[in-house]
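> structure, please.
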Amino acid sequence: MRTIDESRLEQTLRGINIPACPAVLGELMGELRKPLTNGKRVAQLIGEDVGLASVVVRSANSPLFGTRRQIASVDEATRLLGFGMLTSLVQEALLRSAVATRDASLERFWDSSRYTASASAQLARIVGGTRPETAYTFGLFRDCGIPLLVQRFPDYKQILRAANQATDRWFTDVEDEALNTNHAVIGYLLARSWGLADTVSQGILMHHDYSIFADPAGLEVESCTLVAINVIAEHVVGTHLRTVQDAEWGKGREPIARFLGYTPTEMDDIADDLLYWLDEQKNQEAA
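As a prediction, this is how the structure comes out:
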């Protein structure tokens, strides 16, 4: 298992506010961990917060989830999507609320995260190695450190641009050089404090270090799979939203293909199919 230097955490987090896990999420996760989950209790926990319930229901009606009927309640969302995906929608709503910022440009960040999460879930159904709801959660949380660093460092967007364009260095190395921390570390700490699975939080910590596909060094296979899925999903969503940054795809394409057991050409075909799927969902939403 990969770790961070806990002794340097105080220095790393100076001035960075990691939101505490919302009480409703803690209760919900506790209920879902029980051998026999009480569906009524799950719906009750979500329904006690009218704002949260409305966001969850609105999200559940997105074409990205492929439901063929209008969902009118949390109970219906549970029956049609299952506990796992419902929890992912709750996490999404709470995450956006917890790291809310007045920076209007970050609305594009949240849109991209949502599409990446949905694309990741779809990829998990194709390549296996993890559950779709786990891939969805990973897609949501893997970059959650970015808005927290935007709040802390006035020049972070310039650093982010430089990291996005770096072709010969890991993305997080650029951040480390400028800030002595990076969004993957911050995301890992938030995911861990919110009680997400170790495979998710560990994957978030390493999600820009593609050396893990040759030498995982104790990182679980599922964590590596989540990272691989995420890179493909980010590339496809960037193309779909016309915000593509090919530096990460260029660094990750071949090692990820080897890890997943595909040729680069086969993986390109999977990416093309996923792009077609996203375009179809967008057309349904516009209809």
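
> which stretches in the stretch 1-150 of the chain count as helices?
Taking DSSP state H, counting those that start in this stretch to define them, one finds helices in the stretch 1-150 of the chain at 9-12, 23-32, 39-47, 50-60, 74-98, 106-127, 132-141, 145-152.

> mean neighbour count for those helices - can I get that in JSON lines?
For the C-beta atoms, the positions are set from N, CA and C on the backbone; glycine is no exception. Below are the helices of the stretch 1-150 of the chain laid out as JSON lines (neighbours: other C-beta atoms under 10 Å):
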{"stretch": "helix 9-12", "mean neighbour count": "12"}
{"stretch": "helix 23-32", "mean neighbour count": "16"}
{"stretch": "helix 39-47", "mean neighbour count": "17"}
{"stretch": "helix 50-60", "mean neighbour count": "17"}
{"stretch": "helix 74-98", "mean neighbour count": "20"}
{"stretch": "helix 106-127", "mean neighbour count": "20"}
{"stretch": "helix 132-141", "mean neighbour count": "26"}
{"stretch": "helix 145-152", "mean neighbour count": "21"}
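
> among these, which comes closest to residue 202?
Residue 202 sits nearest to helix 132-141 of all those, at 10.5 Å, using C-beta to C-beta.

> wait, which of the helices of the stretch 1-150 of the chain is closest to residue 239?
Of all these, helix 106-127 sits nearest to residue 239, with 10.7 Å by C-beta to C-beta.

> tilt between the closest one and helix 74-98?
Note on geometry: by axes from the mean of the first three to the mean of the last three C-alpha atoms, to 10 degrees, helix 106-127 and helix 74-98 are set 130 degrees apart in direction.

> out of the helices of the stretch 1-150 of the chain, which is closest to residue 250?
Nearest to residue 250 among these is helix 106-127; the distance by C-beta to C-beta comes to 18.0 Å.

> what helices or strands is the closest one leaning on?
Under the contact criterion of 3 or more C-beta pairs under 8 Å, 6 or more residues apart in numbering; DSSP states H and E, helix 106-127 touches helix 74-98, helix 132-141, helix 145-152, helix 221-240, helix 264-286.

> what's around residue 280, how many residues?
By other C-beta atoms under 10 Å, 11 other residues sit near residue 280.

> tell me the spacing between it and residue 240.
Using C-beta to C-beta, to the nearest Å, residue 280 is found at 11 Å from residue 240.

> worst-scoring helix or strand of this structure, pLDDT-wise?
Least confident element among the helices and strands of the chain, by mean pLDDT, DSSP states H and E: helix 9-12 (a mean of 65).

> can you give me the distance of the closest residue to residue 231 other than its chain neighbours to residue 141?
Spatial nearest neighbour of residue 231, chain neighbours left out: residue 252 (4.3 Å); criterion: C-beta to C-beta, 6 or more residues apart in numbering. Using C-beta to C-beta, residue 252 is found at 19 Å from residue 141.

> now residue 250
Using C-beta to C-beta, residue 250 is found at 24 Å from residue 141.

> repeat that for residue 220.
Taking C-beta to C-beta, one finds residue 220 at 17 Å from residue 141.

> do the same with residue 110
The spacing between residue 110 and residue 141, counted by C-beta to C-beta, is 12 Å.

> look up the residues that both of the two are in contact with.
Common contacts of residue 110 and residue 141 (C-beta atoms under 8 Å, 6 or more residues apart in numbering): none found.

> now do the contacts for residue 216.
residue 224.

> got the contact list for residue 160?
Listed by C-beta under 8 Å, 6+ apart, the contact set of residue 160 reads 146, 175.

> from now on call the first residue 374
Okay, residue one is now 374; in that scheme the one you just asked about reads as residue 533.

> can you give me the end-to-end span of stretch 561-578?
Across its full length, stretch 561-578 reaches 5 Å between end residues, using C-alpha to C-alpha, to the nearest Å.

> list the buried residues in that stretch.
Neighbour counts using 16 or more other C-beta atoms under 10 Å place 561-565, 567, 569-570, 572-578 of stretch 561-578 among the buried residues.

> closest one to residue 524 out of those residues, please.
For the buried residues of stretch 561-578, the minimum distance to residue 524 (C-beta to C-beta) is 13.0 Å, reached by residue 563.

> state the mean pLDDT of the helix or strand containing that closest one.
Secondary structure from DSSP states H and E places residue 563 in helix 556-566. The average pLDDT within helix 556-566 is 94.
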